[in-house]
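> Model the structure of this input:
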Amino acid sequence: MAKAAPSILSADFVNLERDIRHLKDCGADYVHIDVMDGIFVPNITIGIPVVAAIRRITDLPLDVHLMIDRPIRYVEEFCDAGADIVTIHVEADTEENNIKALEMSRSKGVRAAISVKPGTPAEALFSYIDRNLVDMILVMTVEPGFGGQKFMEDMMSKLRTLRKIIDLRCPGVELEVDGGVNLTTGRICTEAGANVLVAGSALFKAPDTAEFIRGIQAMV
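Below is the predicted model of the structure:
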């Protein structure tokens, strides 16, 4: 069964508490929070105070995706704000600093995750997997920065490669996909090995949110 991680980037920010509580009622597994700094990606979204506020109104696991430059500077603060998972990008800093950032999350009792942009090969993640530094890997199926983009199906070869490596070396690691996910593309992702699906625009525009989430969770 796949896990549903609705991205609040597509929620109604005027009624964010309402929307997040509704996700809980609809059976979502995670709340996916996209943090963008206008440097690593060409957009600015939310930061530490909003994550802390969301933590106060839900007990759903907070899946915090840091699309920011040099995330080592802020990982501990996002952990302290209430994140359950903190994802950094392999491209955002040196390998040395990325390792330190992942270790910071773990030291705070938070699950450590790492992500790759579409142009980054799966091999960029192998050293992190071999060192047992990650609890989740996130594959972007759009260029990060904005919601509502078209799904990049050519990323499925990367997913299949990572699924093989995970199964061989660290079977407990989750494999997440973010970008253009709906009930059709989501099935393509799970068939390629993903078990956590981030959905934004398609989920929040669905006539029945609970039905959409159940549709994701039914994928194997």
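> Quickly note the distance from the residue nearest to Gly180 when sequence neighbours are not counted to Ile114.
Of all residues beyond its chain neighbours, the one nearest Gly180 is Phe151 (2.9 Å), with distances taken as CB to CB, 6 or more residues apart in numbering. (C-beta placed from N, C-alpha, C; glycine too.) Applying CB to CB, to the nearest Å, the value for Phe151 to Ile114 is 21 Å.
> for the residue nearest to Gly180, what are its contacts?
Remark: with contacts taken as CB atoms under 8 Å, 6 or more residues apart in numbering, Phe151 is in contact with Thr141, Val142, Gly179, Gly180, Val181, Asn182, Thr185, Ile188.
> For it, give me phi and psi.
Dihedral pair for Phe151: phi -60, psi 130, per degrees, to the nearest 10.
> pretty sure Asp63 is touching Ala28, no?
No - using CB atoms under 8 Å, Asp63 makes no contact with Ala28, being 10.2 Å away.
> quick one: which of the two has more around it?
Asp63 (29 against 26; other CB atoms under 10 Å).
> which residues touch Arg73?
Listed by CB under 8 Å, 6+ apart, the contact set of Arg73 is empty.
> So which residues of this structure form strands?
Remark: strands assigned in the chain by DSSP state E are 3-6, 31-36, 62-67, 85-89, 111-116, 136-140, 174-178, 196-199.
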